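**Student:** kindly generate the corresponding structure for this input.
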Amino acid sequence: MSEKRCALVTGGSRGIGRAICVKLAECGMDIVFNYQSGSEAAEETVKLCEAKNVRVLAVKADISKSDECQMLIEKAVEFFGGRIDVLVNNAGITRDNLLGRMKDEDLDAVLDVNLKGTFYMMRGVSKYMLKNRYGRIINMSSVVGVMGNAGQVNYSASKAAVIGMTKSLAREVASRHITVNAVAPGMIETDMTAVINDAAREKIMESIPFKEMGKPEDVAETVAFLAGDGAKYITGQVLCVDGGMAI
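**Tutor:** Residues are numbered from 1 along each chain as shown. Sure thing, here's the model as predicted:
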């Protein structure tokens, strides 16, 4: 990397988001990340990143709201001195249920965070990247957005839509040396998957060629690759980090 870069990560206080923040800090990037709740967890991410000798800022913001996304972006631009080099749209939620039992609010909540939040962040950050003629946007999709999953119609829809947005924006901004890619994790050991019961976990393992769950660090390594100079000619792609689940 020829110069020090800076990265804005959504949902960076724990799980995959924390691993991404720490990995990008390890790569020498200054970090701004948001969290919606859990200030203690956010502070732990700050400490882990600062241990890599970079500057870090945690911002409380709800990315389902356009105005709070703009506030987060403005704070990041100020902290970074007028630019954002890397955007990682990691924040996401689930509201799982069979379709017949799924409430309107279950659909709205998931689309507001996973889809609209990603849209708001890309729209706001891309303006700075276009001006600077450089940028790396990495959107967190899911293996569920690639292959579907029973009980996750709302989540699958949001993550499949993220792939569509990724490919479309990649076409819009490529001439300015801005890449836009998606990462689609499979079953990763996080708080979100920790609640799965043993019977369901065993069934899931049968569908994974690796026969084991991934780690947040596995996803972070892929994000770091896409954020770096080695991926400068890769755009509009979806990289599955799933142990072969989507094969």
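**Student:** next helix or strand past whichever strand in the chain runs longest?
**Tutor:** In the chain, with assignment by DSSP state E, the single longest strand is strand 178-185. With elements assigned by DSSP states H and E, the helix or strand that comes after strand 178-185 is helix 191-194.
**Student:** may I see the buried residues of that next one?
**Tutor:** The neighbour-count check on helix 191-194 (16 or more other CB atoms under 10 Å) flags Thr193 as buried. Every residue, glycine included, has its C-beta placed from N, CA and C.
**Student:** and Ser175, its phi and psi?
**Tutor:** Main-chain dihedrals, Ser175, degrees, to the nearest 10: phi -70, psi -20.
**Student:** nearest residue to the middle of the chain?
**Tutor:** Centroid-nearest residue in the chain, with CA atoms, centre = their mean: Asn90, separated by 1.9 Å.
**Student:** hmm, that one is touching Ser142, no?
**Tutor:** No. In terms of CB atoms under 8 Å, Asn90 does not count as a neighbour of Ser142; the distance is 11.4 Å.
**Student:** coming back round to it: residue contacts, the residue nearest to the centre of the chain?
**Tutor:** Contact analysis of Asn90 by CB atoms under 8 Å, 6 or more residues apart in numbering lists 9-12, 16-17, 20, 140.
**Student:** about what we covered before: what mean pLDDT does the longest strand of the chain have?
**Tutor:** Strand 178-185 carries an average pLDDT of 98.
**Student:** check the offset of it from the chain's centre.
**Tutor:** 9 Å (CA atoms, centre = their mean, to the nearest Å).
**Student:** for Met102, see how far away the closest residue to Phe33 other than its chain neighbours is.
**Tutor:** Spatial nearest neighbour of Phe33, excluding adjacent residues (CB to CB, 6 or more residues apart in numbering): Gly12 at 2.8 Å. Gly12 sits 29 Å away from Met102, going by CB to CB, to the nearest Å.
**Student:** when the two are compared, which one has more neighbours?
**Tutor:** The neighbour count for Gly12 versus Met102, taken as other CB atoms under 10 Å, is higher for Gly12 (32 against 17).
**Student:** quickly find the element holding the more buried one.
**Tutor:** Short version, using DSSP H and E: Gly12 is in no helix or strand.
**Student:** what separation do you get for it and Val183?
**Tutor:** To Val183, Gly12 is 15 Å away according to CB to CB.
**Student:** ok, the residue nearest to Phe33 touching Arg18?
**Tutor:** Yes. Between Gly12 and Arg18 there is a contact under CB under 8 Å: 6.0 Å.
**Student:** where do the strands of the protein begin and end?
**Tutor:** 6-9, 30-35, 56-60, 86-89, 135-140, 178-185, 238-241.
**Student:** okay, the ones you listed in JSON lines with mean neighbour count next?
**Tutor:** Shown next, in JSON lines, are those (neighbours: other CB atoms under 10 Å):
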{"stretch": "strand 6-9", "mean neighbour count": "27"}
{"stretch": "strand 30-35", "mean neighbour count": "26"}
{"stretch": "strand 56-60", "mean neighbour count": "19"}
{"stretch": "strand 86-89", "mean neighbour count": "28"}
{"stretch": "strand 135-140", "mean neighbour count": "26"}
{"stretch": "strand 178-185", "mean neighbour count": "25"}
{"stretch": "strand 238-241", "mean neighbour count": "19"}
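**Student:** ok, which of these comes nearest Pro209?
**Tutor:** Of all the strands of the chain, it is strand 238-241 that lies closest to Pro209, at 11.7 Å by CB to CB.
**Student:** returning to what we had before: closest to Glu44 out of the contacts of Asn90?
**Tutor:** When these are compared against Glu44 (criterion: CB to CB), the nearest one is Gly12, at 10.7 Å.
**Student:** so who does that closest one touch?
**Tutor:** Shown in contact with Gly12 (CB under 8 Å, 6+ apart): 18, 20-21, 31, 33-35, 42, 45, 58, 90.
**Student:** check the gap between it and Gly236 for me.
**Tutor:** Here Gly12 is placed at a distance of 25 Å from Gly236 (CB to CB).
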